[in-house]
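J.: What shape does this take:
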Amino acid sequence: MRSLQISVIILVHNNETTIRKCLESIFANKILPYEIIIVDNLSTDNSISIIQSFSYEHFKIIHSKKNHIGYARNIGLKYAKGNYVMFIDADDYVDVHLFETLSLYQGYDVIRFAPVLVDKDLFLYDNKFIYPLECSFKNGYEALKKFSVPELRYGVFWIYCFKNHDLKIRNFKIYEDTVSIPDIISKAKSVICLDYYGYYHVINELGYTHQISKEEKEKYFKKTCRYLIKKYHNHKDIRLYYEYHWNRKKKGHFKKTVNY
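T.: Take a look at the predicted model:
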């Protein structure tokens, strides 16, 4: 089986308690990524030492000048040489068959898979990030239209593998995924959704996004919704999706914890 050349990008900021499990889950795969790019966002703990304890010739460790998610993701993309790219959070982990499974779907511009949400000792196989059907779409706009229903969330990087071609991420401190992913998908010529749980997203109340003030969350989500509503003004389903979520966020007063 010919594998995808996947560049895995991991942003690290003081993740010494989780990064080992994250990397061990990657290396438990029979097929390994083409490279693993670590973008260190000003860590002050032992995260980098733990990473360096792994013996893998295709590590790249890049030191960011600031702890900023959008900025760091773009640094990772700048160094990515694989023909596909995926982002893995440093406090999450992946299935042992992830890269082998992805290798079966070469040629698609966007490959989407299902996550399991891990909340302490609970594994939530039913969550808002799962598209209910295994199917493919002939273009990105068709996929966006199907994704744009209120009960579904699609604006997170950790449920996708993208073909590494002209990927652009807006330089937002937060919601950089929400604002960027629709544009990435809309440019795709082919999208596939898999009925496959490939990723374990750990709900971490000490994580970076939970430390952002509600004022900054509101600022960036407002910018996100304004941009997307204007950009997709002529695509009613997509526009109404972001109008709905902007009103939902306002009603919830931008709580510090993320409501999955």
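J.: Okay, and the closest residue to residue 244 other than its chain neighbours sits in which element?
T.: Of all residues not flanking residue 244 in the chain, residue 150 sits nearest, at 5.4 Å (Cβ to Cβ, 6 or more residues apart in numbering). C-betas here are computed from N, CA, C, even on glycine. Following DSSP states H and E, one finds residue 150 outside all helices and strands.
J.: okay but residue 150 is in contact with residue 241, surely?
T.: Yes. Look at residue 150 against residue 241 with Cβ atoms under 8 Å: they come within range, at 7.1 Å.
J.: one step back: so what's the residue nearest to residue 244 up against?
T.: Residue 150 makes contacts with 241, 244-245, as judged by Cβ atoms under 8 Å, 6 or more residues apart in numbering.
J.: and the gap between it and residue 224?
T.: Distance of residue 150 to residue 224, computed by Cβ to Cβ, to the nearest Å: 16 Å.
J.: Show me the residue sitting in the middle of this protein in space.
T.: The residue lying closest to the centre of the chain (Cα atoms, centre = their mean) is residue 157, at 1.4 Å.
J.: which residues pair with the closest residue to that one other than its chain neighbours across the strands?
T.: Residue nearest to residue 157 in three dimensions, not counting chain neighbours: residue 87, with 4.1 Å by Cβ to Cβ, 6+ apart. The residues listed as beta-bridge partners of residue 87 by DSSP bridges are residue 9.
J.: Might you report the residue contacts of residue 87?
T.: Here residue 87 is in contact with 8-11, 73, 76, 157-158 (criterion: Cβ under 8 Å, 6+ apart).
J.: repeat that for 7 Å
T.: Going by Cβ atoms under 7 Å, 6 or more residues apart in numbering, residue 87 touches 9, 73, 157-158.
J.: got it, and residue 204?
T.: Residue 204 neighbours (Cβ under 7 Å, 6+ apart): residue 91.
J.: Residue numbering should commence at 45 henceforth.
T.: Yes, from this point I'll number from 45; that puts the last item at residue 248.
J.: That one: what secondary structure?
T.: Under DSSP: H, G, I helix; E, B strand; the rest coil, the three-state class of residue 248 is coil.
J.: Same question for residue 81.
T.: Following three-state DSSP, the label given to residue 81 is strand.
J.: Quick check: it touching residue 125?
T.: No. At 9.2 Å, residue 81 does not count as touching residue 125 under the criterion of Cβ atoms under 7 Å.
J.: Residues in contact with both of the two, list them for me.
T.: In contact with both residue 81 and residue 125: residue 51, using Cβ under 7 Å, 6+ apart.
J.: Which of the helices and strands in the chain ranks last by mean pLDDT?
T.: helix 280-296 (a mean of 89; mean pLDDT, DSSP states H and E).
J.: Tell me where the stretch 95-244 of the chain has helices.
T.: Here the stretch 95-244 of the chain has its helices, by DSSP state H, counting those that start in this stretch, at 113-123, 142-146, 184-191, 220-230.
J.: So, low pLDDT: which residues of the stretch 145-294 of the chain?
T.: For the stretch 145-294 of the chain, applying pLDDT under 70 flags the ranges 250-255.
J.: Strands along this protein, start to end?
T.: 50-56, 79-84, 103-107, 128-131, 137-138, 154-163, 166-168, 179-181, 204-207, 235-246 (DSSP state E).
J.: what's in contact with the fifth one?
T.: If you take Cβ under 7 Å, 6+ apart as the criterion, strand 137-138 is touched by 65-66, 69-70, 132, 242-244.
J.: Using neighbour counts, pick out the buried residues of stretch 201-221.
T.: Judged by neighbour count (16 or more other Cβ atoms under 10 Å), stretch 201-221 contains these buried residues: 201-208, 211, 213-214, 216-221.
J.: ah, wrong one, I meant stretch 227-234
T.: By neighbour count on 16+ other Cβ under 10 Å, the buried set for stretch 227-234 is 227-232, 234.
J.: what about the residue nearest to residue 201, distance to residue 233?
T.: To residue 233, residue 131 is 21 Å away according to Cβ to Cβ.
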